[in-house]
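> Everything below, folded, please.
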Amino acid sequence: MSEDAGARHFGQMNSIGWIVGHLAWQEQRYLLHRPQGIMLREDIQRDFASGGPMSTPSLADMRMAWRKITKATDPFLDQLTTPKLLVDLPLNGKKSGQTQGSAIRRLTYHYWFHIGEILAIRQQLGEKGLPEYVGSIEAKAPYRPERD
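Residues are numbered from 1 along each chain as shown. A predicted model of the protein is given here:
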């Protein structure tokens, strides 16, 4: 996708560049900052929180930020266990009532929402060959029950 396409706004919709920065914000918030006290990108924290003003950041810059943050989350995700998923995720140093598992669920649903938004923007841009909803999920990722 080009920088120009990543910067387009349609009405009140944010640009794809902003959406990518916003997804990086939530990854940093739920998987680095709140559980571990790690803040890799202050600018992401400051400029891409929910409810912030509309802006038009560089798509390339936001993709770099997203990659840096998501790469840093991998070791944390790899060590999670069921008991760790049940730990209350602190907010501003206090109990929040949100577990790490609930935060990850919210993060997943948040991605689904914004991926749909990105696809809508790409449709408005006239792009062709966009992905379909789930495609051939039965062939590529069928349900497999847990084995004992």
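> how about the closest residue to residue 16 other than its chain neighbours, what does it touch?
Counting by C-beta to C-beta, 6 or more residues apart in numbering, the nearest residue to residue 16 once its immediate chain neighbours are dropped is residue 6, at 4.6 Å. No exception for glycine: its C-beta is placed from N, CA and C like everyone else's. When contacts are counted by C-beta atoms under 8 Å, 6 or more residues apart in numbering, residue 6 touches 15-17, 20, 58-60, 62.
> In helices only, show me those.
Counted as lying in helices by DSSP state H, out of these, are 16-17, 20, 59-60, 62.
> And those, which of them are buried?
Among these, those that count as buried by neighbour count (16 or more other C-beta atoms under 10 Å) are 16-17, 20, 59, 62.
> Show me which of those residues is closest to residue 100.
Closest to residue 100 out of those is residue 20 (23.6 Å), distances taken as C-beta to C-beta.
> Give me the nearest residue to that closest one, chain neighbours excluded.
residue 62 (4.0 Å).
> The one you found and residue 87, how far apart?
To residue 87, residue 62 is 30 Å away according to C-beta to C-beta, to the nearest Å.
> what's the neighbour count on the closest residue to residue 96 other than its chain neighbours?
Counting by C-beta to C-beta, 6+ apart, residue 89 is the residue found nearest to residue 96 once chain neighbours are left out, at 5.5 Å. Neighbourhood size, residue 89 [other C-beta atoms under 10 Å]: 19.
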